[in-house]
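1. what follows is a predicted structure for the sequence shown.
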Amino acid sequence: MSTMREVDSSWKSRATIEGAGVHLKRALGPGEAKRADPFLLLDDFHSADPADYIAGFPWHPHRGIETVTYVIRGLIEHGDSIGNKGAIGSGDVQWMTAGGGILHQEMPREYSGMMQGFQLWVNLPASGKMMRPRYRDVKSSQIPEAVTADGASVKVIAGEVEGTRGPVRDLVVESEYLDVSIKPGKSFSHGVRRGNTAFAYIFEGRGGFGGNGKSFGPEDLILFEDGDTVQARAGKDGIRFLLVSGKPLREPIAWGGPIVMNTEEELDTAFRELREGTFIRGR
Ligand code: FE
C-alpha cells in the first residue's frame, strides 16, 4: 500500500549575510545537513532593494559539492577558473558540479522590482568529491512544464512528473528538483521514492501538506517523513514551492565554508592547496 509522507518538521528560513554582504534567507544549513542528506544548504535571496544583493559573491572556491542556482526573477552573472562565463536569467538554472575544485564568482545584477533566486547545495559522495568539474546551464525555455489533471503546474528541472522529464539528467546523486504551482483550493500528489529525503520550500501563497491541517506560507521549509507520495493542497490564493528530493549518502560530513569533504584531513588539504595555488588542477 502506498503511504502519504507526513510533515516530519518545519521551520522558517533565517536571515543571514553571505558573500560580500548579500542579505539572504537560509532555509537549510550546517545544522540541518544530516537530516537533509544529501542536501547541505538552501539559500533564498529575494529583495526589491539592490543594496541587499549587489555586492554579490566575488571569487571563491568550491570542492566536494554541486551548487544549483535557480533564478525566479533577476540576472546573475558568473565566471570561473576554467573559462566559463555567462548569465543566469529569469527562469534559468545552473547545475554546477564543483567536484575536485572550481573558483568562481556569482554577481547578481541590478533588477527593477523584486529579484528572487535560490541556491541549493547537493553533497557529492566520497567517490565523486574529486571528479572533474562540470556545468549544466539550462535556459528557462528548456524547462518543461507538466500540467496535472487536478490543477497543478510543475516546472520540471530534474526528475519526472506524469511523463514529463526534466532536462537535468545523469546526476551524480539521484535527485529531483521541481517548481510546483497549485491553483487556489486545488491539490497535487507526487510519488517520491521511499527512503529518499524530501522537502518543500514555499515562496508564494499558502497551503498544507500530508494529513496535517496546518497552513504553511512563504519562507517555511517542510521536511517530510518517509513514504511514497508527497501531497500538497493550496489555500485560497494558491501556493508555489520548490519540491526537492534525493537519495541520502550517509557519509561523514567535514564542512569548511564553500568546501565540503568527508574528513578534516581532506579539508586541510583543500585549504593548503588554496594557499599554495594548487587547488585547481587539470585544465
Ligand atoms: Fe559559489
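-> Received it, and whenever you're ready, just let me know what you need.
2. so Gly86 versus Ile76, what's the distance?
-> Gly86 sits at a distance of 10 Å from Ile76 (criterion: C-beta to C-beta, to the nearest Å). Yep, even glycine has a C-beta here, placed from its N, CA and C like the rest.
3. an error on my part: the question was meant for Val154.
-> 23 Å.
4. cool, and Ser189?
-> Taking C-beta to C-beta as the measure, Ser189 falls 33 Å from Ile76.
5. so those two - more neighbours on which side?
-> Each of Ser189 and Ile76 has its neighbours counted (other C-beta atoms under 10 Å); Ile76 has more, 25 against 14.
6. got the contact list for that one?
-> Residues in contact with Ile76 (C-beta atoms under 8 Å, 6 or more residues apart in numbering) are 56, 69, 87-88, 106-109, 117.
7. again with Glu145
-> For Glu145, the contact set (C-beta under 8 Å, 6+ apart) comprises 153-156, 164.
8. of those, which belong to strands?
-> With DSSP state E as the criterion, strands contain 153-156, 164 from among the contacts of Glu145.
9. need the longest helix for the protein.
-> Using DSSP state H to define each element, the chain has its longest helix at helix 264-276.
10. what's it in contact with?
-> Contacts of helix 264-276 (C-beta under 8 Å, 6+ apart): 61, 63-64, 101, 129, 254-256, 259, 261, 279.
11. what do you get if the cut-off is 10 Å, keeping everything else the same?
-> 61-64, 100-101, 103, 126, 129-130, 252, 254-261, 263, 278-281 (C-beta atoms under 10 Å, 6 or more residues apart in numbering).
12. and for stretch 81-89?
-> With C-beta under 10 Å, 6+ apart, stretch 81-89 has contacts from 59, 61, 69-71, 73-80, 92, 94, 96, 101-109, 111, 117, 132-135, 137-140, 279-280, 282-283.
13. rerun that using 8 Å as the cut-off
-> Outside stretch 81-89, the residues touching it (C-beta under 8 Å, 6+ apart) are 69, 71, 74-79, 94, 102-104, 109, 117, 133, 135, 137, 139-140, 280, 283.
14. would you list the buried entries among those?
-> The neighbour-count test (16 or more other C-beta atoms under 10 Å) marks 69, 71, 74-76, 78-79, 94, 102-104, 117, 133, 135, 137, 280 as buried among the contacts of stretch 81-89.
15. now the end-to-end length of stretch 145-160.
-> From the first residue to the last, stretch 145-160 extends over 10 Å; the measure is C-alpha to C-alpha, to the nearest Å.
16. and that stretch, what's buried?
-> Going by neighbour count (16+ other C-beta under 10 Å), the buried part of stretch 145-160 is 146, 148, 151-159.
17. one step back: which ones among the contacts of helix 264-276 map onto strands?
-> Reading strands off these with DSSP E, I get 61-62, 103, 254-256, 259-261.
18. would you format these as a markdown table with distance to Glu204 included?
-> Output for the ones in strands among the contacts of helix 264-276, formatted as a markdown table (distance: C-beta to C-beta, whole Å):
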| residue | distance to Glu204 |
| --- | --- |
| Pro61 | 34 |
| His62 | 29 |
| Leu103 | 35 |
| Ala254 | 36 |
| Trp255 | 31 |
| Gly256 | 35 |
| Ile259 | 33 |
| Val260 | 30 |
| Met261 | 36 |
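19. can you tell me which of these comes closest to Thr197?
-> Val260 (16.2 Å; C-beta to C-beta).
20. hey, what's the closest one bridged with?
-> Taking DSSP bridges as the rule, Val260 bridges to Trp255.
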